[in-house]
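1. model this:
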Amino acid sequence: SRKTTTTTTSSEALASITLPGKAFSMDYDPTHHRIVVACAGRKMVFLDVKSNSNVENVLERESSLKYQTRTVQFFPDGSGIAVGSIEGRVAVEFLDDLGISIKGMKKYAFKCHRDGDVVYPVNTIAFHPQYGTFATGGCDGTVVTWDGLHKKKLTTLPKFTTSVAVLAYNHDGSELAIASSYTFEEGERDHPRDEIYVRKMLESECKPKQVSS
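-> Next up, the predicted model:
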């Protein structure tokens with residue numbers, strides 16, 4: 001769809017806005033009352049939803065990645081976003097143009113979810129609610145945790161039988177729900193059944209790396 005809507009429990013939309021293209025992913029930042037929508041053409045749209053009856057487009061810009069966006073997530077404090085693409089890359093971008101800045105931090109991107117020369121899409125990103133680190137899941141069937149602010153890989157979990165479609169931490173980050181589900185990146189074919197796992201996470205798999213002074 002090329003529209004985003006804000007609704008209540010009734011079927012009537014409170015507000016609607018036309019997007020620049022098909023929406024692939026979206027997330028909500030409760031700190032600043034904003035929604036980010038990843039659209040076709042690598043467009044990122046930031047919407048202000050402070051008012052229930054008015055959705056305002058406050059920023060439109062292109063993703064720093066070269067290929068189609070598959071997933072986007074706000075940092076827990078709303079200071080930036082993590083963007084995953086079909087080309088096995090994640091970009092960490094900040095929101096200076098919305099008046100939010102982290103001193104000394106600049107956007108960057110890194111490769112992930114690759115096996116030799118084979119590149120897999122990044123399907124999902126989930127931020128740890130306490131530490132601010134994040135996990136990525138890809139079509140290679142792996143889940144990897146990262147310390148985005150210090151540009152460090154934390155750990156790779158044991159591989160699943162098919163693509164990792166969605167990730168979600170529980171309220172305190174002690175558990176990670178993992179949806180293992182074929183995402184048809186290779187078209188129609190036989191594939192393992194869809195499964196959901198809940199994994200206890202170790203502190204060492206989520207806590208930011210100590211940085212040498």
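2. could you list the low-pLDDT ranges of this protein?
-> 1-11, 52-53, 103-104, 211-213 (pLDDT under 70).
3. mind listing the helices in it by residue range?
-> For the chain, applying DSSP state H gives no helices.
4. ends of stretch 75-90, what's the gap?
-> The first residue of stretch 75-90 is 14 Å away from its last residue (Cα to Cα, to the nearest Å).
5. same question for stretch 150-170.
-> End-to-end span of stretch 150-170 (Cα to Cα): 24 Å.
6. what is the end-to-end distance of stretch 138-152?
-> 18 Å.
7. can you check stretch 141-149 too?
-> Rule used - Cα to Cα; the end-to-end distance of stretch 141-149 is 25 Å.
8. contacting residues around that stretch?
-> 75, 82, 90, 92, 102, 105, 112-113, 132-137, 152-157, 159-164, 167, 176, 178, 180, 205-206, 208-209 (Cβ atoms under 8 Å, 6 or more residues apart in numbering). In short, each C-beta sits where N, CA and C put it, glycine included.
9. if you count neighbours, what's buried in stretch 70-81?
-> Neighbour counts using 16 or more other Cβ atoms under 10 Å place 70, 71, 72, 73, 74, 75, 76, 78, 79, 80, 81 of stretch 70-81 among the buried residues.
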